[in-house]
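> here's my sequence, what's the structure:
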Amino acid sequence: MTYQQLVERINLWNHAYYVLDNPLVSDAEYDQAFQVLLALEAENPDLVSPASPSQRVGAKPIDEFKKVEHSVKMLSLANAFSLQETYDFFEKAAKELDVSPSALAIFSEPKLDGLAITIHYDNGLFSHAATRGDGQIGEDVTHNIKTIKSVPLKLDTDTPPEKLEVRGEVFMPKAAFEKLNRLAAQQNSKVFVNPRNAAAGTVRQMNPKIAAARDLQFIPYSVGEYQNKHEFTRHSEIIDYLVSLGFRRNPHCYAFSGSFDAFAENYQRMESLRDSLPMEIDGIVYKIDDLATQNALGFIARSPKWAVARKFPAQQAITQLLGVDFQVGRTGVLTPVARLEPVFVAGVTVSNATLHNMDEIERLGLCIGDSVEIQRAGDVIPKVVKVVEQSEQRLPIIMPARCPVCDSPVARTEGQAAFRCTGWLCCAAQGAERIEHYASRRCMNIVNLGTKLIELLYNKGILKTIADIYKIQLHDIASLEGQGEKSAQNVLDSIEASKTTKLGTFLAALGIPEVGEGGSKNIAKYFKNLPAIQSASFEELMQVPDVGPVTAKSIVDFFQNAKNQAIVADIINAGVNWEDEQHEPAQAQPLAGQTWVLTGTMSVPRHEAKALLESLGAKVAGSVSKKTDCVVAGAEAGSKLAKAEELGVRVINEAEFLAEFNLSS
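A predicted model of the protein is given here:
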């Protein structure tokens, strides 16, 4: 048997086992053949084929996730939560098409509870894979997706398309999830909350060997980029084609007409099957099957007008509230978390649930000791829904006066539901978030100090506050897994380069609550230097343009905190510097007094367009009203554009915007 024949035989066995659930050989025979393959490749490395099953686990750990821009946007789906909402969605589509809803051909698929992934093939060979991300830009996860045995490394066809982008869901079967958590418990490791959480965490591992050891699965639901002579007329044909190429078929897909009764029958059937399926599903995706009809309907905002996700209702249970803990989030907000008598809900044992905030506790009339109904909202996050029975020994729930992490006072901003720790820069719970904000591109722009590295250094105790950035040593980074001296030096060079900045930029980087980029610039221009800002009174700050009482109080409180003062002093002593603001010559302000709104996707970064408009005197607002002077509408502009047209507000597109201000390339 030749090497190529051996590769094809093992791939055939893999497909039968992992895709068709129909083993063709015993484990012993498979293992023996695989060892022969590895021996052949070791003796003849030039033989190794990209389609070889040995290549699934051969990749080395990566240093960071690279960004991938999707050639065709990965859109999300609108949600429906009842039979009537589902039917109304397609009735609206039918009305637009001037047909009866029952004339629509509907295709239903179980909505797998996993992670949306796109996989690219070049001339039939696996090329790369990425997460959905924000729909436009995702992260390269090729190293992990390649390990999934139900993902073909080579498409099963003699006439592969030149380009094929397969979109689908990566998920962890229930049995694999239970096995993973059993092992984690035995090793005193962290257990995952649910299969979706486990699948997402696995896909975002740096080391592909970890992903290879977990039984992830992939099932396709559509295609993105596609270059081939083969034409499709229906979505169901696309699914059939992908299955013929070697992908798994989503079980229990059905075709039916779009009548109210047909939707009801389909939903009842899937709901009855839900618990017996080997994977978690959280609803049903309904699509109009005919592709020409899909194209005729098109899209609105970020979702298609021809498909909707019917969500299953959350599952409930009754238990007792044993106590309430207060967790400090990365932004300083204290969130009450219910400690519950453990109860089994939607496939998992729940012992904690979110209470959101004190307003929600008051609305529920909740006290410690009460019997409560809980549900897993969206089958993921447990929450308390209502009090079922009041306890005779019920105790009130009281927000702590001081932060449970750093012991700083807890304060509530007037008009807001949230209580916040006022430790700001010195609170350990907020440390990583503050450091990420400080180092971000729009603040101190420390190019090579990214989120993942910050998390590693923070968890190691090397970074505790933003001042610690300037104390990082070469070996602190070089000693981390996946890092080396060269990459460590690049980080240190970026830190050094960031030391020369502007006062307004530095002020924004401190992350003072309610003080954004615009406010920081205004304050810097008004006071000219940092000592003047640090000592400014509430009344003095109120004189700054666009600074209101909430912002003024926040700045005063921030700089009156001795620990914050010490951290800022450490940063200045580390060499961070800027030239104090000077009086600038008067500049033409042709848009003074005008309000502009930016919406949609633009080729010019949003913050640059906003800065330009502000430099010309305009106020850039986040919503459209009768007082809006102009709306700049980029690609896929949605509700703001519609509102502007309704109110008769002037609208220009990006090309007109660039030409008006001489920005055209």
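> use CA for all of it now, contacts and neighbours both
OK.
> bridged to Arg650, which residues?
Cys630 (DSSP bridges).
> does it really touch Asp629, like I thought?
Yes - with contact defined as CA atoms under 8 Å, Arg650 counts as touching Asp629 (6.5 Å).
> comparing those two, which residue is more hemmed in?
Neighbour comparison, Arg650 and Asp629: the larger count goes to Asp629, with 19 against 13 (by other CA atoms under 10 Å).
> shouldn't the more buried one be in contact with Thr595?
Yes - between Asp629 and Thr595 there is a contact at 5.3 Å, judged by CA under 8 Å.
> can you pull out the helices in the stretch 201-350 of the chain?
208-212, 235-244, 260-273, 291-297 (DSSP state H, counting those that start in this stretch).
> mean pLDDT lowest for which of these?
Lowest mean pLDDT within the helices of the stretch 201-350 of the chain: helix 208-212, a mean of 89.
> and that helix, what does it pack onto?
helix 142-145, helix 195-203 (3 or more CA pairs under 8 Å, 6 or more residues apart in numbering; DSSP states H and E).
> partners of the closest residue to Ala116 other than its chain neighbours in the sheet?
Counting by CA to CA, 6 or more residues apart in numbering, Ala116 lies nearest to Glu169, which is 4.7 Å off, once chain neighbours are set aside. Glu169 has these beta-bridge partners by DSSP bridges: Ala116, Ile219.
> tell me the centre residue of this protein?
In the chain, the C-alpha closest to the average C-alpha coordinate belongs to Gly133, at a distance of 6.0 Å (CA atoms, centre = their mean).
> correct me, but that residue touches Glu139?
Yes - Gly133 lies in contact with Glu139 (CA under 8 Å); the separation is 6.6 Å.
> re earlier: which stretch in the helices and strands packed on helix 208-212 has the least confidence?
helix 195-203 - the lowest mean pLDDT of these, at a mean of 89.
> so which bits of it are buried?
Pro195, Arg196, Asn197, Ala198, Ala199, Ala200, Thr202, Val203 (16 or more other CA atoms under 10 Å).
> picking that back up, which one of the helices and strands packed on helix 208-212 lies nearest to Gln483?
Nearest of those to Gln483, taken as CA to CA: helix 142-145 at 17.8 Å.
> so which elements touch that closest one?
strand 125-131, helix 195-203, helix 208-212.
> any idea how far the spatially closest residue to Asp215 that is not a sequence neighbour is from Ile210?
Leaving aside its sequence neighbours, Asp215 sits nearest to Ala176 (CA to CA, 6+ apart; 5.9 Å). As defined by CA to CA, to the nearest Å, Ala176 lies at a distance of 14 Å from Ile210.
> ok, now how distant is Phe661 from Ala609?
10 Å.
> what about these two, which has more around it?
The neighbour count for Phe661 versus Ala609, taken as other CA under 10 Å, is higher for Ala609 (18 against 11).
> the more buried one: what's it in contact with?
For Ala609, the contact set (CA atoms under 8 Å, 6 or more residues apart in numbering) is empty.
> tell me the SS of it?
helix (DSSP: H, G, I helix; E, B strand; the rest coil).
> double-check that Gly461 belongs to a helix.
No - according to three-state DSSP, Gly461 belongs to no helix; its state is coil.
> and for it, the neighbour number?
For Gly461, using other CA under 10 Å, the count is 11.
> likewise for the one 10 residues further on?
Lys471: 15 surrounding residues under other CA under 10 Å.
> mind checking how far it is from Ile495?
In terms of CA to CA, Lys471 sits 10 Å off from Ile495.
> one more: Ala642?
In terms of CA to CA, Ala642 sits 44 Å off from Ile495.
> checking Thr86 next. Helix, strand or coil?
helix.
> what's the nearest residue to it if we skip its chain neighbours?
Thr86's closest residue in space is Ala80 (CA to CA, 6+ apart), at 5.5 Å.
> shouldn't that neighbour be in contact with Ala309?
Yes - Ala80 lies in contact with Ala309 (CA under 8 Å); the separation is 6.0 Å.
> element containing Thr551?
helix 549-560 (DSSP states H and E).
> likewise Glu614?
Per DSSP H and E: helix 606-615 holds Glu614.
> may I see the buried residues of that helix?
Result for helix 606-615 [16+ other CA under 10 Å]: buried residues Ala609, Lys610, Ala611, Leu613, Glu614, Ser615.
> on that earlier part again, switch the helices and strands packed on helix 208-212 over to CSV; also include distance to Glu514.
Shown next, in CSV, are the helices and strands packed on helix 208-212 (distance: least, CA to CA, whole Å):
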stretch, distance to Glu514
helix 142-145, 40
helix 195-203, 33
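> of all the ones you listed, which lies closest to Arg214?
Judged by CA to CA, the one of the helices and strands packed on helix 208-212 that comes nearest to Arg214 is helix 195-203, at 7.9 Å.
> just the C-alphas of the closest one, formatted as CSV.
C-alpha atoms of helix 195-203 as CSV (Å, rounded to 0.1, in the frame of the first residue of the first chain):
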residue,chain,number,x,y,z
PRO,A,195,-20.9,22.8,26.9
ARG,A,196,-20.9,26.1,25.0
ASN,A,197,-18.6,27.7,27.6
ALA,A,198,-16.3,24.6,27.2
ALA,A,199,-16.3,24.8,23.4
ALA,A,200,-15.6,28.5,23.4
GLY,A,201,-12.8,28.1,25.9
THR,A,202,-11.2,25.3,24.0
VAL,A,203,-11.3,27.1,20.7
